[in-house]
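A.B. asks: I'd like to go over a predicted model; first the sequence, then the structure.
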Amino acid sequence: MWPSSRYLTRDLLRQVEWEHARVIVEYGPGVGTITGEILRRLRDDGVLVIIERNAEFVDFLQRNFDDPRVRVFHGSAADVASMLQTLAIDYADYIISGIPYSTMPPSLRENILRESHKVLRPGGAFLVYQFTSAVVPALRRVFGDVRQQFVLRNILPARIFSCSR
Ligand SMILES: C[S@@+](CC[C@H](N)C(=O)[O-])C[C@H]1O[C@@H](n2cnc3c(N)ncnc32)[C@H](O)[C@@H]1O
């Protein structure tokens, strides 16, 4: 796993309207390279819900992001709806997703995308960064239109896909 470059992070987070973003969900933060940048921009009354499957990363994130706006969940992005429910949050304004859709079983991918669509506020956005375009057909099935951007200045050139609800 390589951390995202500052160019990828900048281009990704440029797509967020920070003054209107109250609830942000991040899937697969790893060691929190993008998490830290989200927190630098997030408003004081905002909430950042982090979902990470790897227990060691969860432990690291909990120790390193001691911020009242952060809620860390150890589990799968497929369970985003029930996690938000435990926080009494109805909708997310943005979901920022760094999990590898091309290597997971198609049924899990479909489930995560459908659950993500369900919890996004109408007008909200699903922002995905990946090393391949393999996820695009599945994104189109669930979200319709998909905007794409290519970021060369990353250890592996990356793609950003953005979908509106
Ligand atoms: C490529 S790393 C992302 C690294 C980090 N976001 C960055 O930009 O530096 C992918 C992360 O997604 C996590 N992950 C994979 N599948 C997941 C899932 N279904 N739900 C939550 N996290 C997942 C992995 O444990 C890993 O930490």
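C.D. replies: Perfect, I can see it now.
A.B. asks: might you report the residue contacts of residue 4?
C.D. replies: 12, 33-34, 98, 129, 154, 158 (Cβ atoms under 8 Å, 6 or more residues apart in numbering). No exception for glycine: its C-beta is placed from N, CA and C like everyone else's.
A.B. asks: same check, this time on residue 100
C.D. replies: 28, 130-131.
A.B. asks: same thing with residue 33?
C.D. replies: 3-4, 9.
A.B. asks: residue 36 and residue 101, how far apart?
C.D. replies: 24 Å (Cβ to Cβ, to the nearest Å).
A.B. asks: neighbour-wise, which of those two wins?
C.D. replies: residue 101 (21 against 14; other Cβ atoms under 10 Å).
A.B. asks: for that one, give me its contacts.
C.D. replies: By Cβ under 8 Å, 6+ apart, the contact set of residue 101 is 109, 112, 128, 130, 134-135, 138.
A.B. asks: excluding its backbone neighbours, what's nearest the one residue in the chain that gets nearest to the ligand?
C.D. replies: Relative to the ligand, the nearest point of the chain is residue 28 (2.4 Å; Cβ to the nearest ligand atom). Leaving aside its sequence neighbours, residue 28 sits nearest to residue 99 (Cβ to Cβ, 6 or more residues apart in numbering; 3.8 Å).
A.B. asks: and residue 90, how many neighbours?
C.D. replies: Counted with other Cβ under 10 Å, residue 90 comes out at 10.
A.B. asks: who does residue 148 form a beta bridge with?
C.D. replies: Counting by DSSP bridges, residue 148 forms beta bridges with residue 161.
A.B. asks: ok, and what's touching the longest helix belonging to the chain?
C.D. replies: Using DSSP state H, we find that the single longest helix of the chain is helix 106-119. Where contact means Cβ under 8 Å, 6+ apart, the residues beyond helix 106-119 that reach it are 25, 27, 76-81, 84, 91-92, 95, 97, 99, 101, 104, 126, 135, 138-139, 141-143, 165.
A.B. asks: can you give me the helices in the chain?
C.D. replies: 6-13, 33-41, 55-64, 80-86, 106-119, 136-143.
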